[in-house]
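Q: got a structure for you, letters missing:
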Ligand SMILES: C=C1C[C@]23C[C@@]1(O)CC[C@H]2[C@@]12CCC[C@@](C)(C(=O)O1)[C@H]2[C@@H]3C(=O)O
Ligand SMILES: O=C(O)CCC(=O)C(=O)O
Ligand SMILES: [Fe+2]
């Protein structure tokens, strides 16, 4: 189980230590992000257009990830967010540790939450902001926190609006009527800032290990260094493979999360993804992890339910205990039975 003493100044290390050396990153081959493996790109400038919905449905069914453009997030807000993220992670470790995430808490600075499921540590530092940002900012910069707070609060506000818009579209693609989802305008979100320092031996180290997000959807902005990879399941174009999601200027990345997998009754798939590291460049990403209000039990809205209802909090607890078996643990109908139901 990793502890706070597992934090170190990555910049001062010239060789990947045993604690961070992963046996293999090649559990699946790497595919080219071209041709059939080009990440879907969806423009939101015309959300009511039928083509937009068809493209979105295809992306959610076959990929679980897509790029969005026409999102109306000002480029200056994205660059300010990136600037503040860099500023945070470039603080000395002992200062960042003043805002460390408590062992049973959600918010603060720390290792990846999924670290406890792996024997090796990741080439990674994270900062989770759930709820107001001010208490964190005061711990980090007792007298110079204003700009950080302003940028984070503005970004969260914009992300919530965008998440609502994308979620409406996703619901309509599943065939769910707006009024069936009473909580659709009350989405909540957690902002996750991720930092992946340059690494002397990127083939040995893992940025963020393969996982799915526990969200309805996650909206991600990545700095200009690539590193995000999604796992494409085996299909007629080849075996399962890691496909890099390239940073596209002006575009944001959207991941379908486990809760959308549940509400779509497994018609849409939460995407398995990971982050790899770069020899020369420090990479950052900023993820808005969006879910329903705390008291809502999320359940399948279409077909004969294959999952039992669950709140986001309950699901996060299961994820914390069972990791990639969490979705299976709330299945009430197994895969082969589901196939019979659909035939
Ligand atoms: C709401 C949450 C989702 C998350 C766990 C958390 O409580 C806050 C951090 C989130 C994050 C971000 C990095 C990847 C991830 C798997 C992790 O370890 O922490 C996700 C969690 C998740 O989506 O399950
Ligand atoms: O850094 C990335 O691109 C991935 C981050 C991520 O998967 C997450 O925050 O859940
Ligand atoms: Fe993720």
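A: Nice, I can see it. Owing to the predicted nature of the structure, the values given are computational and were not obtained by experimental measurement. Residues are numbered from 1 along each chain as shown. Ligands and ions are numbered 1, 2, ... in the order given.
Q: ligand 2 contacts on the protein?
A: 192, 194, 208, 213, 218, 220, 222, 227-228, 273, 275, 285, 287 (Cβ under 6 Å from any ligand atom). For every residue, glycine as well, the C-beta is placed using N, CA and C.
Q: minimum distance to ligand 1, which residue of the stretch 51-200 of the chain gives it?
A: Across the stretch 51-200 of the chain, no residue is closer to ligand 1 than residue 113, which sits at 3.2 Å (Cβ to the nearest ligand atom).
Q: tell me how many other residues crowd that residue.
A: Burial measure for residue 113: 18 neighbouring residues, criterion other Cβ atoms under 10 Å.
Q: repeat that for residue 188.
A: That count, for residue 188 with other Cβ under 10 Å as the rule, works out to 18.
Q: so what pLDDT did the closest residue to residue 215 other than its chain neighbours get?
A: Excluding its sequence neighbours, the residue lying closest to residue 215 (Cβ to Cβ, 6 or more residues apart in numbering) is residue 257, at 3.5 Å. For residue 257, the pLDDT comes out at 98.
Q: same question, residue 7
A: For residue 7, the predicted pLDDT is 64.
Q: in the protein, which spans are strands?
A: Assigned by DSSP state E, the strands in the chain fall at 30-31, 41-43, 65-69, 108-110, 125-130, 188-196, 208-211, 217-222, 228-232, 241-244, 252-256, 273-275, 283-291.
Q: dump those to JSON lines, plus distance to ligand 1.
A: Formatted as JSON lines, the strands of the chain follow (distance: least, Cβ to the nearest ligand atom, whole Å):
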{"stretch": "strand 30-31", "distance to ligand 1": "21"}
{"stretch": "strand 41-43", "distance to ligand 1": "22"}
{"stretch": "strand 65-69", "distance to ligand 1": "14"}
{"stretch": "strand 108-110", "distance to ligand 1": "9"}
{"stretch": "strand 125-130", "distance to ligand 1": "5"}
{"stretch": "strand 188-196", "distance to ligand 1": "4"}
{"stretch": "strand 208-211", "distance to ligand 1": "4"}
{"stretch": "strand 217-222", "distance to ligand 1": "7"}
{"stretch": "strand 228-232", "distance to ligand 1": "12"}
{"stretch": "strand 241-244", "distance to ligand 1": "17"}
{"stretch": "strand 252-256", "distance to ligand 1": "9"}
{"stretch": "strand 273-275", "distance to ligand 1": "9"}
{"stretch": "strand 283-291", "distance to ligand 1": "5"}
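Q: adding distance to residue 300, write those strands out as JSON lines.
A: Below are those laid out as JSON lines (distance: least, Cβ to Cβ, whole Å):
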{"stretch": "strand 30-31", "distance to residue 300": "31"}
{"stretch": "strand 41-43", "distance to residue 300": "24"}
{"stretch": "strand 65-69", "distance to residue 300": "21"}
{"stretch": "strand 108-110", "distance to residue 300": "33"}
{"stretch": "strand 125-130", "distance to residue 300": "26"}
{"stretch": "strand 188-196", "distance to residue 300": "21"}
{"stretch": "strand 208-211", "distance to residue 300": "22"}
{"stretch": "strand 217-222", "distance to residue 300": "17"}
{"stretch": "strand 228-232", "distance to residue 300": "24"}
{"stretch": "strand 241-244", "distance to residue 300": "28"}
{"stretch": "strand 252-256", "distance to residue 300": "15"}
{"stretch": "strand 273-275", "distance to residue 300": "23"}
{"stretch": "strand 283-291", "distance to residue 300": "16"}
